[in-house]
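> missing the sequence, but the structure's below:
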């Protein structure tokens, strides 16, 4: 087990820069998730940590040791690949013990290690089978077994759940979290699924275009996004981002939005940055769960504002009901209790939890605090 | 491949089927006729052939022409039969096929999994080798064999065939390995396996289909080659094809057609056996990767 540190890492293929100065650090036993849309460089970054790609400049440090120049096998890491990458000609047992055999571990030791891992992952009855005879979930377990048996300093996961069906994915997600609790090994995990990121991570790095947009705890990423990209990317349904304007009224600063019958005013906190924007356009960000029916609103919140809104569409989803509302010239999504009484194409009173509201600069996309 | 499976096309009407089968049978006869003539006439005494009826079955069955062709027919000036030349061919074909196939596999592995700057160019040049006509390389090759001291030897022929086969064997293996998941190689690298360990333990066990294709291809080409054999072989390294020519084309004495037929079948036998034994792997290997399985 060890901490992992990435310092000012650059990676370029010819003239194309894929990673542009990555700085990350994850503590010993931490779970770092790299998340972002496809092409953001997250898999490249993982391959650089693994040593499967050479870095152009910068440093990768595992424990106290710089591994940037080391061969993948010398870095004391293990990796689970998206396609599982099980050796097709070997049995499960051989697959798991191949790395140990190459490293010259004796047969009795290998058998002991295999059995330990097989028990942990409940794959004992699969040991004699070939990968082609396994289901997707079983292959996934074997791939994890192959990584676990090596007992490395750092585990690397490259979108390990993306080839599983939806239900199995949720089960395996829990399983990975349980394993991490039990083993306490540092993990770096790549995914494009923001739910996986939020559920698994102790730290999340949201990436875009080879740059880390925000690096923080799941709570920071979700509730305190630094820019519109992070706010929009994390969370499902996505955060409502509505164009509005800051105005000064007698009883303080207000946000003015286009409502269904003229201008809607919502009180905003009296911060310096917002005060500096009086009369200017801002983007008002509010998560669907902070925009709900008055009975369902957070009772802890000090600043719940009720306003009349025009509901266009109602989408019952079992556990919740989603209402699409015309607001600020856009469609905003409100998340209501499942049994909230709401009818499409009517005007209904909805609650804005302004304690959870965030504001962005419409041009740069940066957060206004 | 046989029997009615779900992915058969719809069946035609009765009349169509009769026409199809008639045509197929006619073609079959057309293609099998030469073999039939060779086989029946190789089992007849010479007088019977001289009698004129080439298509008739033998009246007096004899295996004497076969024995003559194999062990005492006049080849050039020596009455040795084809036997020593058959052995020459085996000594030439087996190493040439094994070496060119192994090198092709290694080339394919490097070109797909360890590609380097200019690896596409190297592959392109190797491909070009497939299209160089034999005649062009004869004189430079003779020169090189002379310099190496291999002129007129079986080793020399092995070298020539290995080099000439490399283009094709590399092409086969490269295309096969291009579809081989690179993640497996990466996983093995992280597991600590080296260049040759990855090749032996990971790629080679999955290469049977393409290896069969390559071996059949190389075996047939090297065995059937005449030009290199006639150009570069010496007295004691003459391959089967050249010996057969010497047997049939001898300008003196009586033309012993029955012996010639037997000799021709003997010369064709090894490639026939290779096809019969592994033909279905050949088709399977050629198709591998063509359809998502």
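Received it, and whenever you're ready, just let me know what you need. Quick caveat: nothing in here was measured; it's all calculated off a predicted structure.

> Next one: the residue nearest to residue B:242 when sequence neighbours are not counted from chain A, what distance?
Once flanking residues are discounted, residue B:242 sits nearest to residue B:229: 4.5 Å by Cβ to Cβ, 6 or more residues apart in numbering or on different chains. In short, each C-beta sits where N, CA and C put it, glycine included. Residue B:229 sits 39 Å away from chain A, taking Cβ to the nearest Cβ, to the nearest Å as the criterion.

> in a strand, that's where residue B:229 is, yeah?
No: counting by DSSP: H, G, I helix; E, B strand; the rest coil, residue B:229 is not part of a strand but helix.

> Let me see the contact set for it.
By Cβ atoms under 8 Å, 6 or more residues apart in numbering or on different chains, the contact list for residue B:229 reads B:157, B:238, B:239, B:241, B:242.

> Please repeat the previous calculation with a cut-off of 6 Å.
B:239, B:241, B:242 (Cβ atoms under 6 Å, 6 or more residues apart in numbering or on different chains).

> For residue B:239, see how far away it is.
Counting by Cβ to Cβ, to the nearest Å, the gap from residue B:229 to residue B:239 is 4 Å.

> For ChimeraX, what selects the buried ones among the contacts of residue B:229?
Command for ChimeraX, covering only those of these found buried under the criterion 16 or more other Cβ atoms under 10 Å in any protein chain shown:
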select /B:239,241,242
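
> quick one: pLDDT of the residue nearest to residue B:242?
Listed pLDDT for residue B:229 reads 92.

> now swap in residue A:238 and tell me
pLDDT, read off for residue A:238, is 91.

> tell me which element residue 174 falls in.
Using chain A. Element membership for residue A:174 (DSSP states H and E) is helix A:166-183.

> if you could check chain B rather than the one you did, that'd help
Assigned by DSSP H and E, residue B:174 falls in helix B:154-178.

> just to revisit the earlier point, can you list contacts of the helix or strand following the helix holding residue A:174?
Downstream of helix A:166-183, the first helix or strand assigned by DSSP H and E is strand A:186-191. With contact meaning Cβ under 6 Å, 6+ apart, strand A:186-191 is reached by A:4, A:29-35, A:42-43, A:46, A:154-159, A:180, A:197.

> Residue A:247 sits in which helix or strand?
strand A:240-249.

> Distance from the helix or strand just after that strand to the middle of the chain?
As assigned by DSSP H and E, the chain's next helix or strand after strand A:240-249 is strand A:252-259. Distance of strand A:252-259 from its chain centroid, counting by Cα atoms, centre = their mean, to the nearest Å, is 32 Å.

> Taking the stretch 101-250 of chain A, what residue is nearest to chain B?
Relative to chain B, the nearest point of the stretch 101-250 of chain A is residue A:102 (4.4 Å; Cβ to the nearest Cβ).

> count of neighbours near residue 210?
Unless you meant another one, I'm taking chain A. 23 (other Cβ atoms under 10 Å in any protein chain shown).

> that's the wrong chain, I wanted chain B
26.

> So which elements touch the host helix or strand of it?
Using DSSP H and E, residue B:210 sits within helix B:208-224. If you count contacts as 3 or more Cβ pairs under 6 Å, 6 or more residues apart in numbering or on different chains; DSSP states H and E, helix B:208-224 packs onto helix B:83-113, helix B:154-178, helix B:257-287.

> Walking through chain A, point out its helices one by one.
A:42-50, A:92-102, A:107-121, A:136-148, A:166-183, A:194-200, A:218-223, A:228-233, A:272-275 (DSSP state H).

> residue contacts, the residue nearest to the spatial centre of chain B?
The residue lying closest to the centre of chain B (Cα atoms, centre = their mean) is residue B:220, at 0.6 Å. Neighbour list for residue B:220: residue B:271 [criterion: Cβ under 6 Å, 6+ apart].

> so what's it scoring on pLDDT?
92.

> Relative to chain A, how far out is it?
28 Å.

> Equivalent analysis for residue B:270, please.
Distance from residue B:270 to chain A, by Cβ to the nearest Cβ: 30 Å.

> can you check residue B:64 too?
In terms of Cβ to the nearest Cβ, residue B:64 sits 51 Å off from chain A.

> What score does the residue lying closest to that residue once chain neighbours are set aside have for pLDDT?
Spatial nearest neighbour of residue B:64, excluding adjacent residues (Cβ to Cβ, 6+ apart): residue B:45 at 7.5 Å. Among the per-residue scores, residue B:45 holds a pLDDT of 89.

> Those residues of chain B touching chain A, which are they?
B:183, B:184, B:186, B:187, B:189, B:190, B:191, B:192, B:193, B:202, B:205, B:206 (Cβ under 6 Å from any Cβ of the partner chain).

> give me that answer again for 7 Å
B:181, B:183-184, B:186-187, B:189-193, B:197, B:202, B:205-206 (Cβ under 7 Å from any Cβ of the partner chain).

> Can you say which of those residues are buried?
Applying 16+ other Cβ under 10 Å to those flags B:183, B:184, B:186, B:187, B:189, B:190, B:191, B:192, B:193, B:197, B:202 as buried.

> Looking at those, which is nearest residue A:59?
For these, the minimum distance to residue A:59 (Cβ to Cβ) is 20.0 Å, reached by residue B:190.

> show me what contacts that closest one?
Going by Cβ atoms under 7 Å, 6 or more residues apart in numbering or on different chains, residue B:190 touches A:50, A:72, A:73, A:77, A:78, A:79.

> what's the nearest residue to the third one if we skip its chain neighbours?
Looking back up the chat, that one is residue A:73. Nearest one to residue A:73, counting by Cβ to Cβ, 6+ apart, is residue B:192 at 3.7 Å.

> what secondary structure does that neighbour sit in?
coil.

> How about the contacts made by it?
With Cβ under 7 Å, 6+ apart, residue B:192 has these contacts: A:73, A:99, A:102, A:103.

> Just the buried residues of those residues.
By 16+ other Cβ under 10 Å, the contacts of residue B:192 give A:73, A:99, A:102 as buried.

> Could I get the phi/psi values of residue B:179?
phi -90, psi 0 (degrees, to the nearest 10).

> Kindly state the pLDDT recorded for it?
pLDDT, residue B:179: 89.

> tell me the pLDDT at residue 244?
In the absence of a named chain, chain A is used. With respect to pLDDT, residue A:244 has a value of 92.

> actually chain B
For residue B:244, the predicted pLDDT is 91.
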